[in-house]
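Participant: Provided below for reference: sequence and predicted model.
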Amino acid sequence: MKTRNKLLTLLILSAGAATTTALINKAIKLSTTSKNVLGEPEALCYKWRLGNIHYTKSGSGKPILLIHDLTPASSGYEWKNLAGKLSESYTVYTIDLLGFGRSEKPNLTYTNYLYVQLLCDFIKSEIGHRTDMVATGSSSALGIMACCNSPELFNQLMFVNPESILSCCQVPGKNAKLYKFMLDLPIVGTLIYHISCSKQAITKDFMTNYYYNPYSVKSGLIDAYHEAAHLGESPKSVYASIECNYIKCNIVNALKKIDNSIYLIGGGALEDIDERMNEYKEYNPAVETATVPNTKHLPHMEKPAEIYELIQTFLS
């Protein structure tokens, strides 16, 4: 009888904890997305086969596609400080990749191949011409693979702080399926995601890794990234795929084959940036490089004028 009572008590406590956690998760989502920081009156929608893709188009001239980094809080908002200036000379496209920002976020496993197909389909459908491309961080690998897959769609390529070749080659480890299973759990996994993508965590990333000058990080910027991380049906799904290395891909052969002009831009304050860029030049000697002093991972957000000048120099 005592054992039965203990089990009943444990069951009630567990159910109560699960209900409380679920309510907390719901409250976090509602409070995060209620400000509508990312709302845009002129946003466009590309109806792709796996979900609707949010994108913007502005300006006139030859096309240029801007692709955000692959963090759960990333979106086309990343290019807000640069897109307006570029639209004076280019037709500028920014895209929220599937699973990010304002695009749909279906519950599936996201892979490098999925995004390669998305980029190629998007260019064929919405741009309709060969395009210059600028990509940030981990999305540089997507650009390289997409260009290798369909070189006729791409003109010149620029990558801002691309990942190291070694990092790109990582594969899901022995515990990847277990960890992804945990993250996919509706209550516990969502709580883990909310902790990892909290406003405090995003602020720390900006002040230590993304910006050289932490005093340049504004509250509105953090609100935009925080909102982007919590929009949609299943924002944690792309986080699980990132954490478990499902989006990684060995880019060495593709990098060797690409005959397009490739330019690498590095944040001058990143310790390993020269070594990283030299890796790419070893596999493709035609790669050209430049660094922006006093910047870290997102120089186009912190010093958009300098990046604009480099785009004008390299891609014009």
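Facilitator: Alright, I've got the coordinates. Residues are numbered from 1 along each chain as shown.
Participant: give me the pLDDT for the closest residue to residue 173 other than its chain neighbours.
Facilitator: Counting by CB to CB, 6 or more residues apart in numbering, residue 173 lies nearest to residue 245, which is 7.2 Å off, once chain neighbours are set aside. In this view, the C-beta of every residue, glycine as well, is placed from N, C-alpha and C. pLDDT for residue 245: 93.
Participant: and the one 4 residues further on, by the same measure?
Facilitator: Taken from the predicted model, the pLDDT recorded for residue 249 is 93.
Participant: and it, how far from residue 66?
Facilitator: Residue 249 sits at a distance of 21 Å from residue 66 (criterion: CB to CB, to the nearest Å).
Participant: which of those two has more neighbours?
Facilitator: Just comparing residue 249 and residue 66: by other CB atoms under 10 Å the higher neighbour count belongs to residue 66, 27 against 21.
Participant: that one: what secondary structure?
Facilitator: Recorded secondary structure, residue 66: strand (DSSP: H, G, I helix; E, B strand; the rest coil).
Participant: one more: the one 5 residues further on?
Facilitator: Residue 71 falls in the coil class when you classify it by three-state DSSP.
Participant: so it sits right up against residue 238, yeah?
Facilitator: No: applying CB atoms under 8 Å as the test, residue 71 and residue 238 come out as separate, 9.6 Å apart.
Participant: any idea which element residue 225 lies in?
Facilitator: helix 219-228 (DSSP states H and E).
Participant: and that helix, what's buried?
Facilitator: 221, 222, 223, 224, 225, 226, 227, 228 (16 or more other CB atoms under 10 Å).
Participant: ok, those residues vs residue 207, which is closest?
Facilitator: The shortest approach to residue 207 among the buried residues of helix 219-228 belongs to residue 222, at 9.7 Å (CB to CB).
Participant: how far away is the closest one from residue 284?
Facilitator: The value you get for residue 222 to residue 284, if CB to CB is used, is 37 Å.
Participant: equivalent analysis for residue 242, please.
Facilitator: Distance check for residue 242 against residue 284: by CB to CB, it reads 26 Å.
Participant: and for residue 190?
Facilitator: In terms of CB to CB, residue 190 sits 42 Å off from residue 284.
Participant: got it, and residue 305?
Facilitator: 29 Å.
Participant: which of the two has more residues huddled nearby?
Facilitator: residue 284 (17 against 10).
Participant: middle-most residue in this structure, spatially?
Facilitator: Per CA atoms, centre = their mean, the C-alpha nearest to the average position across the chain is that of residue 70, at 2.4 Å.
Participant: can you map out the helices along this structure?
Facilitator: 2-33, 80-86, 112-122, 139-149, 165-168, 176-184, 188-196, 199-205, 219-228, 235-243, 252-257, 273-283, 299-302, 304-315 (DSSP state H).
Participant: pipe those helices into TSV and attach distance to residue 156 per row.
Facilitator: Shown next, in TSV, are the helices of the chain (distance: least, CB to CB, whole Å):
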stretch	distance to residue 156
helix 2-33	37
helix 80-86	14
helix 112-122	15
helix 139-149	10
helix 165-168	21
helix 176-184	35
helix 188-196	35
helix 199-205	30
helix 219-228	28
helix 235-243	27
helix 252-257	15
helix 273-283	15
helix 299-302	16
helix 304-315	5
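Participant: low-scoring stretches of the protein, by residue?
Facilitator: For the chain, the stretches with pLDDT under 70 are 1-37, 41.
Participant: and if we set it to 90?
Facilitator: 1-43, 170-192, 315-316 (pLDDT under 90).
Participant: which one's the longest strand in it?
Facilitator: Taking DSSP state E as the criterion, the chain has its longest strand at strand 51-59.
Participant: can I get the buried residues of helix 219-228 in TSV including distance to residue 157?
Facilitator: Compiled in TSV, those are given as follows (distance: CB to CB, whole Å):
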residue	distance to residue 157
221	27
222	30
223	32
224	27
225	26
226	31
227	30
228	25
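Participant: of the residues you listed, closest to residue 311?
Facilitator: Nearest member of the buried residues of helix 219-228 to residue 311, counting by CB to CB, is residue 221, at 21.5 Å.
Participant: circling back to that earlier point, tell me which of the helices of the chain sits nearest to residue 93.
Facilitator: helix 112-122 (8.3 Å).
Participant: just the C-alpha atoms of that closest one, please, in PDB.
Facilitator: Below are the C-alpha coordinates for helix 112-122, written out as PDB (Å, rounded to 0.1, in the frame of the first residue of the first chain):
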ATOM      1  CA  ASN A 112      23.400  20.500 -46.100                       C
ATOM      2  CA  TYR A 113      21.800  18.900 -49.200                       C
ATOM      3  CA  LEU A 114      18.400  20.300 -48.200                       C
ATOM      4  CA  TYR A 115      19.700  23.800 -48.200                       C
ATOM      5  CA  VAL A 116      21.700  23.300 -51.400                       C
ATOM      6  CA  GLN A 117      18.400  22.400 -53.100                       C
ATOM      7  CA  LEU A 118      16.600  25.300 -51.500                       C
ATOM      8  CA  LEU A 119      19.200  27.900 -52.700                       C
ATOM      9  CA  CYS A 120      19.300  26.500 -56.200                       C
ATOM     10  CA  ASP A 121      15.500  26.300 -56.500                       C
ATOM     11  CA  PHE A 122      15.200  29.800 -55.000                       C
END
